[in-house]
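[1] How does the following fold in three dimensions:
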Amino acid sequence: MRVASNGGAPNEAMTRGSANTRSSSVASSDRISRRINRGVSSRNTHISRRLCPTIDVVKRTDIRNVAIIAHVDHGKTTLVDGMLRQSHIFRENQQVDERVMDSNALERERGITIMAKNTAIIYRGVKINIVDTPGHVDFGGEVERVMNMVDGVLLLVDAVDGPMPQTKFVLRQALRRGHRAILVVNKIDRPHARPNHVLNETFDLFLDLGATEEQAEFPTLYTNAILGTASADHRHAGTTLEPLFDAIIERIPGPDVDRDAPAQLLVTTTTYDDYIGRVAVGRLQSGALRRGQNVARIDHQGNLTPAKVTQLFTFQGLAREEVEEVEAGDIVAVAGIEAGIGDTIADAADPRPLPPIRVEEPTLRMSFSVNNSPFAGREGKFVTSRKLRERLYAELERDVALRVADTDSADTLVVSGRGELHLAILIETMRREGYEFQVSRPEVILKEVEGETQEPYEQLEIEVAQEELGAVVELAGRRRATLKDMKYRDDAMVHAVYRIPTRGLLGFRQAFLTSTRGRGVMNTLSEGYGPMAGPIATRELGSLIAWEEGATTTFGLNAAQDRGQLFLNPGVEVYEGMVVGQHIRERDLEVNVVRKKHLTNMRSSNSDIAAKLDGIRELSLDDAIEFLADDELLEVTPKAYRIRKRLLTKQDRDRAIGQMKRAAGVAG
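    The predicted structure is shown next:
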């Protein structure tokens, strides 16, 4: 089933490959059968649990429910833009933003999808519900929870990059639920596009993940999402996305429903409306829902709460349409019920719960605590432990991959997530809402397995220029990474795959970008837990610490810049114990960055020396979190990020270091 390297085109539109291509790979059929047979029984078992036992199950032909899944930046949201435009849901003269589905401000700033969203279009009398999902591995929980709403997926793969780590993760989720896929090789117009190679790699990925024979026979389309074109032959560009719409209608099955069974809806996501309150969104698995109907909410513990449907909505384009009744198989929004993600909305007369949503466990955690720095309370609107606790626990209702736990201190909570970016987005969102708090350095979550302490590992994939490979290999080796595969590409780039402890990835990104002069690309994927890898030095240089409180001056900064890389410009308020830069040596160093040049008989105080500050490195939130040491905290306010020492005075820090040395001596 591998495509010939000479670029032979398919003989039939929207097929996995041409007949002669298949016949050229008969030798691989045994391998296909062995891998396919691994998971057939488990797939069928899972599918049978999606609906409660019914008698008269029928397939709806007027609806298709499909999710678009891919690695980050492979063009999912851009493709949805093209599908919406060509379905004519916008007026001819309507101004529509790019990536219209990325409605969140952070999504637009970072250029990534953070939250899964759904829309719908009508094509030849068939309603197609489309779910746009995040592509970053840290937001994989969004992908996991929406898979119960759909019956198939569009798997987008870049025509140059091919399958990436997140491609494997999202495809695994789809195959586990028995979904069929349509492969969409996007960005086919890119220089160095290699569609045949990408197709072969993707097919191998299907086999590695244990796809059934039906799932492995996927159709393939080649698209240019920006231009809105699709074709079954990469050598002949299409003119519209109609081939993609046709493939969805023909190859993605309609939902199996039982209209006479009691109503069942698993809440997949929730939103809030200022006028109608909380809105629960999910797919109606069986039966029907009507406005004003009495229902029961079944939570994770099986507790039943009576409720009433006040309003019902279905999706059309970017808007919700209010309806009187919804039949099974459609994706629906329900108002009037205080339901959380994973709850079941069921018929009040015959309440039957659906299996709850389960996602992979977090691997990183940080402590969130009340800000107690000298500048505490100056800039934030919500500064108390009560407000902080309420906000973090409220986030659990939206983010199923997040965990929040209390500690012995009333001012501190532990928040666990899927990665540094996952937690950074939460921090930035709270900061913009007016919260003021401080967070610690991320740390991995260890597990006890059969009496052995284990830590999480990740698959690290990097792409670097050949001349920069040596520095990256050395960097990965210091982080206890083990090389699994390495390939040299025709464009003078090297693709390497490592297995690395999650601890080794803390602070890795900045060092990696420095080693590759900003040109390297890295991606990660969780690989479960394994034995502890030993000590890892993730922070090799110390901090420059402000000596006293005041405003930074050019004179003071100029004197300090020979000691390392500065983080602050002149005129910034600092306090004793605040980190103002990175030292050139391993130990920390106190510097006076508020020192002023005083009046003398030689020159006036305001005619500062012709001091030129070297490049100031202004830290983003991601950079600040990555920079943190174990004895440092990040102060987060609506106006600024400030890195500080846990112990602000030099005397307290020296005393703590002395106690640690004495304790180490006694232990030795």
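[2] neighbours of the spatially closest residue to residue 340 that is not a sequence neighbour, just the number please.
    Counting by CB to CB, 6 or more residues apart in numbering, residue 340 lies nearest to residue 397, which is 5.1 Å off, once chain neighbours are set aside. Heads up, the C-betas are built off the backbone N, CA and C, glycines and all. For residue 397, the neighbour count with other CB atoms under 10 Å is 15.
[3] now the one 10 residues further on
    Taking other CB under 10 Å as the criterion, the count of residues near residue 407 is 12.
[4] quick check: longest helix of the chain.
    Determined from DSSP state H, the single longest helix within the chain is helix 650-667.
[5] who touches the closest residue to residue 547 other than its chain neighbours in this structure?
    Nearest non-adjacent residue to residue 547, counting by CB to CB, 6+ apart: residue 592, 4.4 Å away. Applying CB atoms under 8 Å, 6 or more residues apart in numbering, one finds that residue 592 lies in contact with 546-548, 556, 559-560.
[6] now these: which count as buried?
    Buried members of the contacts of residue 592, counted by 16 or more other CB atoms under 10 Å: 546-547, 556, 560.
[7] Which single one of those residues is nearest to residue 264?
    Residue 264 lies nearest to residue 546 out of the buried ones among the contacts of residue 592, by CB to CB, at 59.7 Å.
[8] I figured that closest one was touching residue 575, is that so?
    Yes. Contact status for residue 546 versus residue 575: in contact at 6.6 Å, counting by CB atoms under 8 Å.
[9] Verify the stated contact: the residue nearest to residue 340 with residue 271.
    No. In this structure residue 397 lies outside contact range of residue 271 using CB under 8 Å: 10.8 Å.
[10] re the thing from before, let me know the closest of the contacts of residue 592 to residue 168.
    Using CB to CB, the shortest approach to residue 168 within the contacts of residue 592 belongs to residue 546, at 45.6 Å.
[11] Please tell me how far the residue nearest to residue 547 sits from residue 563.
    Relative to residue 563, residue 592 is positioned 11 Å away (CB to CB, to the nearest Å).
[12] Against residue 268, how distant is residue 412?
    Relative to residue 268, residue 412 is positioned 32 Å away (CB to CB).
[13] circling back: what does the pLDDT read for the residue nearest to residue 547?
    On pLDDT, residue 592 comes in at 94.
[14] What separation do you get for it and residue 574?
    10 Å.
[15] if I look at residue 513, how far off is residue 520?
    For residue 513 relative to residue 520 (CB to CB), the value is 6 Å.
[16] which of those two has more neighbours?
    The residue with more neighbours, out of residue 513 and residue 520, is residue 520; 21 against 14, by other CB under 10 Å.
[17] which residues sit in contact with the more buried one?
    Contacts of residue 520 (CB under 8 Å, 6+ apart): 462-465, 468, 472, 512-513.
[18] 7 Å instead, please
    Counting by CB atoms under 7 Å, 6 or more residues apart in numbering, residue 520 touches 462-464, 468, 472, 512-513.
[19] got it, and residue 399?
    Residues near residue 399 by CB under 7 Å, 6+ apart: residue 141.
[20] Pull up the per-residue confidence for it.
    You'll see residue 399 listed with a pLDDT of 83.
[21] ok, back up a step: got the contact list for the longest helix of the chain?
    590, 645, 647.
[22] In strands, which of those appear?
    Among the contacts of helix 650-667, the residues falling in strands (DSSP state E) are 590, 645.
[23] Which of the three states applies to residue 174?
    helix (DSSP: H, G, I helix; E, B strand; the rest coil).
[24] I figured it hits residue 147, correct?
    Yes. Counting by CB atoms under 7 Å, residue 174 touches residue 147, with 6.4 Å between them.
[25] any weak-confidence spans in this protein?
    1-55, 88-115, 135-138, 140, 598-611, 666-668 (pLDDT under 70).
[26] Could you list the domains of it?
    19-37+61-123+131-254, 257-347, 447-531, 543-634+642-663 (automatic domain parsing).
[27] so which of those comes closest to residue 363?
    Closest approach to residue 363 among the domains of the chain (CB to CB): domain 447-531, 4.2 Å.
[28] Can you give me the end-to-end span of the closest one?
    Start-to-end span of domain 447-531 (CA to CA, to the nearest Å) is 10 Å.
[29] what distance separates that domain from the centre of its chain?
    18 Å (CA atoms, centre = their mean, to the nearest Å).
[30] Over to stretch 431-438?
    The answer for stretch 431-438 is 22 Å, by CA atoms, centre = their mean.
[31] Over to residue 413. Which of the three states is it?
    Using three-state DSSP, the secondary structure recorded for residue 413 is strand.
[32] What residues are bridge-paired with the closest residue to it other than its chain neighbours?
    With sequence-adjacent residues excluded and distances taken as CB to CB, 6+ apart, residue 413 is closest to residue 368, at 5.1 Å. With DSSP bridges applied, residue 368 shows beta-bridge pairing to residue 413, residue 439.
[33] Please report the number of neighbouring residues for residue 368.
    When neighbours are counted by other CB under 10 Å, residue 368 comes out with 26.
[34] my guess is it contacts residue 440, does it?
    No. Residue 368 is beyond contact range of residue 440, at 8.3 Å (criterion: CB under 7 Å).
[35] element containing residue 188, please.
    Assigned by DSSP states H and E, residue 188 falls within no helix or strand.
[36] Surely it touches residue 225?
    No. Residue 188 is not in contact with residue 225 according to CB under 7 Å; the separation is 9.6 Å.
[37] Quick check: residue 410 is in a helix.
    No. Counting by three-state DSSP, residue 410 is not found in a helix; it is coil.
[38] Any figure for the gap between residue 514 and residue 626?
    Using CB to CB, residue 514 is found at 12 Å from residue 626.
[39] scratch that, residue 546
    The gap separating residue 546 from residue 626 is 21 Å, by CB to CB.
[40] What is the neighbour count of the closest residue to residue 537 other than its chain neighbours?
    Once flanking residues are discounted, residue 537 sits nearest to residue 478: 6.9 Å by CB to CB, 6+ apart. Using other CB under 10 Å, residue 478 is surrounded by 14 other residues.
[41] tell me the phi and psi of residue 478?
    Backbone torsions of residue 478, given as degrees, to the nearest 10, read phi -70, psi -20.
[42] what about it, distance to residue 576?
    For residue 478, the distance to residue 576 - CB to CB - is 33 Å.
[43] And the longest helix of the chain, how far out from the chain middle?
    Its chain's average C-alpha position is 40 Å from that of helix 650-667, according to CA atoms, centre = their mean.
[44] Next, the buried residues of that helix.
    For helix 650-667, a neighbour-count test (16+ other CB under 10 Å) marks residue 653 as buried.
[45] Could you do stretch 285-296 as well?
    Neighbour count says stretch 285-296 has 285-289, 291, 293, 295-296 buried, by 16+ other CB under 10 Å.
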